[in-house]
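**Q** What follows is a predicted protein model with its sequence.
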Amino acid sequence: MPQPRITAVPLYTAQVSMATESSQSGPRMGEFVAMMALMTSLVAMSIDVMLPALAQIGADLGVQRDNDNQLVVTMVFVGLAIGQLLYGPLSDSIGRKPAIYLGFALFFAGSLLAIMAVNVPMMLAGRLLQGLGVAGPRGVSMALIRDRFAGRAMARVMSFIMAVFIIVPIVAPALGQVILLVAAWRAIFVILFLLGVVALVWFGLRQPETLPVERRAPLSLGRISHVFREVLSHRIALGYTLMAGVVAAVLQSYLSSAQQIFQIQYGLGPLFPLFFAINALAIGLASFTNGRLVLRYGMRPLLTIALLVFVSVTLVFAGVALATGGQPPLWLLLAYFVPCFFCLGILFGNMNAMAMEPLGHIAGVGAAVVGSLSTFVAIPLGAIIGQAYNGTVTPLAIGFAALALGALGLMRWAERGRMVAAPDTEPVV
């Protein structure tokens, strides 16, 4: 279950003009949506299908501490963080298809390295390459969609793709568990490799280039550094970017330790994918609800309510975890996770847009910088909480509460900057 608020951000520059469906050649709507959905789902699939196999991977590769198995997940996020900066400007310079081809090449290299891994460093290197690789198809496909569609047509395409994006985290762990019933864990990487081959061949044969040579922009590291400086100097953009990173750390710490909590601590074994799917479904339902409500109520009110509820729930459960010695009943743990992840779905749907609000003049590279910076914030925070797992849910519960309070503080800080700039702005929180 990846970080939607990051991997779904378009990586293209504001110089790229948008076209309607009728003005671009290529596969028909249904085929195009299916193709893009497959390419974008590789991120979630690469993370979530692996979760049931973490213990077996660690045992076979000689991991000394069970918590170190979490690095198999973390390294994908590191690759994604780097890739978000790379592919957007690159696709503006050399075209959409070459940039996507590069991403697939890195993904295949990482998959092969993981398949042949004989030790932990070799596996982590493979996972880093996988994350760096899937950032290409995921990010550049968003630019490709915007090249081909505009307005309501684009919104329609994105809604279909998002439906698939929501479904994948629900079914991916179950797929991984099924593979483990008939084969060893290396077969999971083989399936990922073959899935990438299908996506690449389909894309290469059926999708034409959408960025003509005359509309391409020179690759410029100076432009990226300039946008970094602008984000860091703009209180609203920086505040919401950091907030997005803090909230993403909640999801990352959960993904890192979910297998240990459900499979080992609560002894669910093969039933782990079912309970993981319940929490993934809560995020999906929230994303759908947010899409229905945001046009009516606006991003800021929804963001505020979701964050306040999230803070309240996490603080209460931190107390419950301490009172039960970190071993609350399973039903109580689920009763906590479901509202938490519903709130996360609302937050993911709005934080990135809030961070991007002042960056409209540099939307493409700005999106890349915001996504990358927030991911780099999330990685160490999520890793610290995940590595603190001690056989109880107490570290996770306390970590969630601390991150929730941190997100609330960052939002208040960012909104004070908005009120200074526009004193008549409606106060928040």
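**A** That came through, no problem.

**Q** what about the closest residue to Leu113 other than its chain neighbours, neighbour count?
**A** Leaving aside its chain neighbours, Leu113 sits nearest to Gly126 (3.3 Å; criterion: C-beta to C-beta, 6 or more residues apart in numbering). Every residue, glycine included, has its C-beta placed from N, CA and C. Using other C-beta atoms under 10 Å, the number of residues around Gly126 comes to 22.

**Q** Next: the one 4 residues further on.
**A** By other C-beta under 10 Å, 31 other residues sit near Gln130.

**Q** Show me which positions of the helix or strand encompassing it end up buried.
**A** Under the criterion of DSSP states H and E, Gln130 resides in helix 120-148. Within helix 120-148, the residues scored as buried using 16 or more other C-beta atoms under 10 Å are 120, 123-148.

**Q** Kindly report the same for stretch 46-65.
**A** The neighbour-count check on stretch 46-65 (16+ other C-beta under 10 Å) flags 46-55, 57-58, 61, 63 as buried.

**Q** isn't Gly110 right up against Leu128?
**A** Yes: with contacts counted by C-beta atoms under 8 Å, Gly110 reaches Leu128, the gap being 7.0 Å.

**Q** Now the common contact residues for those two.
**A** Here Gly110 and Leu128 have Gly79 as joint contacts, going by C-beta atoms under 8 Å, 6 or more residues apart in numbering.

**Q** wait, isn't Val43 in contact with Gly83?
**A** No: look at Val43 against Gly83 with C-beta under 8 Å: they stay out of range, at 9.9 Å.

**Q** Overlap of the contact sets of those two?
**A** Contacts common to Val43 and Gly83, judged by C-beta under 8 Å, 6+ apart, are Val134, Ala135.

**Q** And the nearest residue to Ala53 once chain neighbours are set aside, how far from Arg65?
**A** Nearest non-adjacent residue to Ala53, counting by C-beta to C-beta, 6+ apart: Trp185, 4.1 Å away. Between Trp185 and Arg65 the distance is 19 Å, computed by C-beta to C-beta, to the nearest Å.

**Q** Repeat that for Ala249.
**A** From Ala249 over to Arg65 the distance is 21 Å, taken as C-beta to C-beta.

**Q** quick one: contacts for Met243?
**A** Met243 is in contact with Met351, Ala355, Ala407, Leu410, Met411, Ala414, counting by C-beta under 8 Å, 6+ apart.

**Q** Drop anything exposed from those.
**A** Buried residues within the contacts of Met243, counting neighbours by 16+ other C-beta under 10 Å: Met351, Ala355, Ala407, Leu410, Met411, Ala414.
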